[in-house]
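In: Please find the sequence and the predicted model below.
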Amino acid sequence: MISTKGRYALRVMIDLADHAGEGHIPLKEIAERQEISKKYLEIIVKDLVAGGLVTGVSGKGGGYCLVRRPEEYSVGEILEKTEGSLAAVACLSKDVLPCPRAAECRTLPLWAEYDRLIHDFFYGKKLSDLTGQRGI
């Protein structure tokens with residue numbers, strides 16, 4: 001399940017895309033437009049900055065902006081930076097030890113197929129698909 005953190009991260013990224021070209025956008029403005037607590041957004045943008053998706057500038061005239069064009073971000077990338085692994089089941093996560101039952105697990109092919117569907121869906125969607133901005 002995608003948490004509010006991942007969903008709000010998408011809203012922040014859409015907001016930044018909608019206001020690209022206006023310089024760094026203050027978090028207060030994003031919070032007001034998106035009707036999300038500024039305090040909660042501080043946590044989210046910290047992950048987005050650490051993940052290299054946005055840049056932030058402190059002080060007067062500060063705020064956040066995208067580092068790439070909207071069509072260069074996949075929804076999957078944004079969600080993984082804020083949610084962590086999107087793997088359907090723990091045994092398919094990248095950072096776990098291989099399951100000792102994998103060779104005999106009858107359900108693993110089912111989970112692997114579902115995992116590919118999730119990955120392909122989210123990585124096949126671009127931020128620009130959500131903003132309506134293509135090829136900017």
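Out: All right, it came through fine. Here the structure is a predicted model, which means the values were calculated and not measured.
In: If I follow the layout properly, residue 89 ends up in contact with residue 111?
Out: Yes - between residue 89 and residue 111 there is a contact at 4.7 Å, judged by C-beta atoms under 8 Å. Glycine gets a C-beta too; all of them are placed from N, C-alpha and C.
In: and the residue nearest the centre of the chain, what is it in contact with?
Out: When C-alpha atoms, centre = their mean is applied to the chain, the residue found nearest the centroid is residue 78 (1.7 Å). Shown in contact with residue 78 (C-beta atoms under 8 Å, 6 or more residues apart in numbering): 6, 9, 10, 13, 48, 53, 127.
In: In the top helix by length along the chain, which of the residues would be classed as buried?
Out: Scanning the chain for the longest helix, with DSSP state H as the assignment, gives helix 108-124. Buried residues in helix 108-124, defined by neighbour count with 16 or more other C-beta atoms under 10 Å: 108, 111, 112, 115, 118, 119, 122.
In: I figured the first one hits residue 114, correct?
Out: No - judged on C-beta under 8 Å, residue 108 makes no contact with residue 114 at a distance of 10.7 Å.
In: low-scoring stretches of this structure, by residue?
Out: Filtered on pLDDT under 70, the chain yields the residue ranges 132-136.
In: How about residue 83, nearest residue that isn't a chain neighbour?
Out: residue 6 (4.3 Å; C-beta to C-beta, 6 or more residues apart in numbering).
In: Where do the helices of the protein begin and end?
Out: Under DSSP H, the chain gives helices at 4-18, 27-34, 38-50, 75-83, 108-124, 127-131.
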